[in-house]
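A.B. asks: Make a model of this:
(one chain, ligands or ions: 1)
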Amino acid sequence: MSAAGFLPNDSSFATRAIHDGQDPEKWSSHCMIPPIVMSTTFKQSEPCVFKGYDYSRSGNPTRDVLESCLASLDDAKYGLAYASGLGATTTVIHLLNAGDHFVAMDDLYGGTVRYFNKIVKRMNINVTYVDGTDHNEIEAAIRDNTKLIWIETPTNPLLKVADIKKICDIAHKKNILVAVDNTFLTPYFQRPLNLGADMVVYSLTKYMNGHSDIIMGAVTTNNQEVYENLKFLQKSLGIVPSPFDCYLVNRSLKTLHIRMKEHMANGLAVGKFLESHPLVEKVNHPGLPAHPQYELTLRQCHGHSGMISFYIKGGLKEAKRFLSALKVITLAESLGGFESLAEIPSLMTHASVPPEQREKLGLTDNLIRLSVGLESSEDLIKDLDQALQASAK
Ligand code: P1T
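C.D. replies: Residues are numbered from 1 along each chain as shown. Below you'll find the predicted structure:
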């Protein structure tokens, strides 16, 4: 599938989502649906002699199914699942040592910024934030002890788009690893490893699971050394998901391609409506021609999800009135589920971003973030229209 202008999508994506890692032959009953193996421990015939698994923190058959499928969707050799998106982030940062430095984009999920500023800095690992769309700024931020560049693209919540290939070229000249948080697009719309990234990081909590009922994260990679270190950290830090949750995410991946197409169609319809609305100042949507990185988005991605942010006319008062007036769309944190959500990043998801950074970025009190779900786009547009009218009263 290719929406107008975007790169064509690989048609085998759906087949891989449905079949890879799911081979019925690997279970003695040849069951089509992978079992949920809840056992924490596995019988050994003599000490340290066992059939693939010894203890479920180190490895679990249901988790293996999910991890194989995740790797396949990213064209990766390896996939690893973690107890949350932040758990995946934490594990990647544990590849670094005290005294190391990394470069991160200045617009990131607020919880990631909180972790970098309040915890990682305490480990004597320093971070420099840069505008990921400015390659000179990225190069200038690199030091002798820089070991990682952390990209989130599109960013949360401003939807800035970074050129993954270009940043990887800059990083790899200096033996620096690149990790890309691909939560907003999923591998259906963007495959960072094919653009040169060393690791792809996910909050599976969002589109990948898509049903707002599981917290989980993942990393995929083609780099064997990175994989072995991340696998060791998965077991040693213990940030592992439950087999039941792995089962459910694996099940959700079977419909990822269908859900993402619909999120994109609804997101574009809502984005175009907001762009033309007199009570909206500006819309951030990388799939609309007004977006500053529109051309890059068309080159780099196969489409865009249901993530949009926009500036409502007025300030905090109008933003709060708008959010309280919504009827179909729910005021709540998170994103990527089948239901549409709206929130105000400056007070909610990004409250832990330092105020001066928020101001510099334009993360103001009249910025609203929407996760456009799978309801009828006509109903969503009607709801937005009545809430915008209510904001001005
Ligand atoms: O919530 P968790 O599964 O731990 O994922 C963290 C995370 C990582 N990366 C991105 C881009 C994210 O958006 C998130 C979580 N974000 C929200 C909860 C939110 O409402 O933005």
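
A.B. asks: So residue 118 versus the ligand, what's the distance?
C.D. replies: For residue 118, the distance to the ligand under the criterion Cβ to the nearest ligand atom, to the nearest Å works out to 15 Å. For every residue, glycine as well, the C-beta is placed using N, CA and C.

A.B. asks: same question, residue 70
C.D. replies: In this structure, residue 70 and the ligand are 14 Å apart, going by Cβ to the nearest ligand atom.

A.B. asks: same thing with residue 132?
C.D. replies: Distance of residue 132 to the ligand, computed by Cβ to the nearest ligand atom: 13 Å.

A.B. asks: how deep is the nearest residue to residue 174 once chain neighbours are set aside tucked in, by neighbour count?
C.D. replies: Leaving aside its sequence neighbours, residue 174 sits nearest to residue 142 (Cβ to Cβ, 6 or more residues apart in numbering; 6.2 Å). Other residues lying near residue 142 total 19 when counted by other Cβ atoms under 10 Å.

A.B. asks: How about the backbone phi and psi for residue 151?
C.D. replies: The phi and psi torsions at residue 151 (degrees, to the nearest 10) take the values phi -110, psi 140.

A.B. asks: quick one: pLDDT of it?
C.D. replies: pLDDT recorded at residue 151 is 98.

A.B. asks: Could you check which helix or strand contains the nearest residue to it once chain neighbours are set aside?
C.D. replies: Closest residue to residue 151 in three dimensions, ignoring its sequence neighbours and counting by Cβ to Cβ, 6+ apart: residue 180, at 4.7 Å. When elements are assigned from DSSP states H and E, residue 180 belongs to strand 177-181.

A.B. asks: same thing with residue 385?
C.D. replies: Element membership for residue 385, per DSSP H and E: helix 377-391.

A.B. asks: Let me see the contact set for the closest residue to the ligand within the stretch 201-350 of the chain.
C.D. replies: In the stretch 201-350 of the chain, the residue that lies nearest the ligand is residue 203 (3.1 Å; Cβ to the nearest ligand atom). Shown here is residue 203, whose contacts under the criterion Cβ atoms under 8 Å, 6 or more residues apart in numbering are 84-86, 88, 109, 181, 183, 216-217.

A.B. asks: For the stretch 251-393 of the chain, what lies in contact range of the ligand?
C.D. replies: When proximity is defined by Cβ under 6 Å from any ligand atom, the stretch 251-393 of the chain lies next to the ligand at 333-335, 349.

A.B. asks: which stretches of the stretch 251-393 of the chain form strands?
C.D. replies: Listed in chain order, the strands of the stretch 251-393 of the chain (DSSP state E, counting those that start in this stretch) span residues 280-284, 307-312, 330-331, 341-343, 367-371.

A.B. asks: which strands and helices sit next to the fourth one?
C.D. replies: Put plainly, it is strand 341-343. strand 330-331, strand 367-371 (3 or more Cβ pairs under 8 Å, 6 or more residues apart in numbering; DSSP states H and E).
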